[in-house]
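A.B. asks: Give me the fold of what follows.
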Amino acid sequence: MNEKLAISIEKLAKHFGDLKAVDGITLSVQEGEVFALLGPNGAGKTTTISMLTGLLKPTRGSANVAGFDVEREPLKVRQQIGVVFQQPSVDDLLSGRENLDMHALLYNVPAKGRRERIDDMISLVGLTDRQHAKVKEYSGGMRKRLEIARGILHHPKVLFLDEPTTGLDPQTRQHIWEYIKKMSRLEGTTVVFTTHYLEEAEQFAERVAIIDRGKIIATGKPHELVNELGGDTVLLKAKKSKEVAAKIRKMPFAASVSEKNDVVSAVIASSHKNLPIMLRALSGIETIEIRPATLNEVFIKYTGKGIREDSAEGGFWERMMNPNNR
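C.D. replies: Residues are numbered from 1 along each chain as shown. As a prediction, the model looks like this:
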């Protein structure tokens with residue numbers, strides 16, 4: 001395995017009966033990288049993370065994490081990783097500090113320096129003032145911050161975060177990401193997170209893999225994927241829409257021009273500069289809508305639908321608890 005790769009995946013698959021939750025994906029993540037698996041609920045993100053962390057046995061394919069094979073060396077993998085899943089797993093009856101103390105013992109964090117390490121992690125996630133309070137008294141954001149502190153307490157080489165901000169308000173989500181980015185910078189940890197929040201992937205990930213129906217459909221830096229679209233999408237409503245569409249097709253800065261129900265859609269390169277030029281050449285335009293290029297537009301390009309149109313397939317945790325699926 002390449003020393004610079006934190007994760008290497010080759011044709012990895014997981015099937016639950018006829019359902020292909022993950023369908024032969026190939027992927028690599030560099031050491032120290034913040035990497036996002038982006039996709040709708042039910043796309044295969046959590047199943048992928050569960051295989052990489054040893055919670056699920058792959059149907060086929062292979063994966064290495066921190067230099068170890070996830071099937072042949074699962075214990076060694078677990079010693080090298082930290083995990084924060086969607087489902088809360090901290091003990092409500094213990095204080096925040098007691099939870100970290102117990103985790104330190106389970107992961108054999110050396111007694112020498114253990115107290116200082118816990119102090120540092122509590123400070124990092126802003127829980128110093130509430131460290132001795134019972135977790136049942138914590139807010140959702142505080143619980144998530146505690147779980148992140150626990151996930152990195154034992155100096156993992158790779159930290160997996162499965163939908164780390166689901167259910168949190170926008171302000172708390174922003175704060176959680178401030179802690180994650182600070183931790184990644186200070187600890188030098190590779191971070192792999194799943195999300196269906198487009199803005200999280202665009203803002204915080206160095207690279208993303210867009211996954212849909214168990215397959216990787218695009219991989220790259222967020223801005224590179226967006227730039228591949230060639231510009232912003234402009235929607236024009238016009239009475240003579242067919243004539244408008246025909247004129248736009250002749251413009252060198254326009255692409256992907258289509259017309260339906262009196263609405264013309266076109267991708268316009270450098271729209272801030274070329275849109276005024278286009279409008280001066282047209283007449284009979286009733287309304288204009290500009291949709292800036294985003295990762296959602298990338299998703300639409302590859303799948304024909306928006307990332308939020310899918311609903312959860314449901315039953316993941318029920319499938320995972322079935323011993324026949326291990």
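A.B. asks: Break down the stretch 151-300 of the chain into its strands, ranges please.
C.D. replies: 158-162, 190-195, 207-212, 215-220, 232-238, 254-260, 263-268, 285-291 (DSSP state E, counting those that start in this stretch).
A.B. asks: relative to strand 263-268, how tilted is the last one?
C.D. replies: The reference is to strand 285-291. 50 degrees (axes from the mean of the first three to the mean of the last three C-alpha atoms, to 10 degrees).
A.B. asks: In strand 285-291, which residues are buried?
C.D. replies: For strand 285-291, the neighbour count (16 or more other C-beta atoms under 10 Å) marks residue 285 as buried. All C-beta atoms are positioned from the backbone trio N, CA, C, and that covers glycine.
A.B. asks: Paired strands for that strand, with orientation please.
C.D. replies: strand 232-238 (antiparallel) (DSSP bridges).
A.B. asks: what does the third one give?
C.D. replies: Each strand that pairs with strand 207-212, with its direction, by DSSP bridges: strand 34-38 (parallel), strand 215-220 (antiparallel).
A.B. asks: go on, the second one?
C.D. replies: Partner strands and pairing direction for strand 190-195 (DSSP bridges) are strand 34-38 (parallel), strand 158-162 (parallel).
A.B. asks: mind exporting that strand as CSV, just the C-alpha atoms?
C.D. replies: Extracted as CSV, the C-alpha positions of strand 190-195 are listed here (Å, rounded to 0.1, in the frame of the first residue of the first chain):
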residue,chain,number,x,y,z
THR,A,190,-7.2,12.1,8.0
VAL,A,191,-11.0,12.9,8.1
VAL,A,192,-13.6,11.1,6.1
PHE,A,193,-17.1,12.3,6.5
THR,A,194,-20.5,11.5,4.9
THR,A,195,-23.1,14.1,4.3
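A.B. asks: Now do it, average pLDDT.
C.D. replies: Strand 190-195 shows a mean pLDDT of 94 in the predicted model.
A.B. asks: Likewise for the first one?
C.D. replies: Strand 158-162 shows a mean pLDDT of 93.
A.B. asks: Work out the gap between it and the centre of the chain.
C.D. replies: 10 Å (C-alpha atoms, centre = their mean, to the nearest Å).
A.B. asks: now the fourth one
C.D. replies: Averaging C-alpha positions (C-alpha atoms, centre = their mean) puts strand 215-220 12 Å from its chain's average.
A.B. asks: Just the C-alphas of it, formatted as CSV.
C.D. replies: This file holds the C-alpha atoms of strand 215-220, laid out as CSV (Å, rounded to 0.1, in the frame of the first residue of the first chain):
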residue,chain,number,x,y,z
LYS,A,215,-21.9,3.7,-7.1
ILE,A,216,-19.3,6.5,-7.2
ILE,A,217,-20.4,8.8,-10.0
ALA,A,218,-17.8,11.6,-9.7
THR,A,219,-14.7,12.3,-7.7
GLY,A,220,-12.6,15.5,-7.3
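A.B. asks: got the buried residues for it?
C.D. replies: 215, 216, 217, 218, 219.
A.B. asks: Just flag the most distant two among those residues.
C.D. replies: Using C-beta to C-beta, those reach their maximum pairwise distance at 215 and 219, which is 11.5 Å.
A.B. asks: Could you double-check that residue 176 lies in contact with residue 140?
C.D. replies: No. The criterion here is C-beta atoms under 8 Å, and residue 176 misses it with residue 140 at 10.2 Å.
A.B. asks: These two: who's more crowded?
C.D. replies: Taking neighbours as other C-beta atoms under 10 Å, residue 176 and residue 140 compare with residue 176 leading, 20 against 14.
A.B. asks: List the contacts of that one.
C.D. replies: Shown in contact with residue 176 (C-beta atoms under 8 Å, 6 or more residues apart in numbering): 141, 144, 145, 148, 164, 165, 168.
A.B. asks: repeat that for 7 Å
C.D. replies: 141, 144, 145, 164, 165, 168 (C-beta atoms under 7 Å, 6 or more residues apart in numbering).
A.B. asks: for these, which one is nearest residue 49?
C.D. replies: residue 164 (11.3 Å).
A.B. asks: What about that closest one, how many residues nearby?
C.D. replies: 26.
A.B. asks: same thing with residue 135?
C.D. replies: Other residues near residue 135 come to 20 when the count uses other C-beta under 10 Å.
A.B. asks: Same check on residue 203?
C.D. replies: Residues lying near residue 203 (other C-beta under 10 Å) number 12.
A.B. asks: Quick check: chain neighbours aside, which residue is closest to it?
C.D. replies: residue 177 (7.6 Å; C-beta to C-beta, 6 or more residues apart in numbering).
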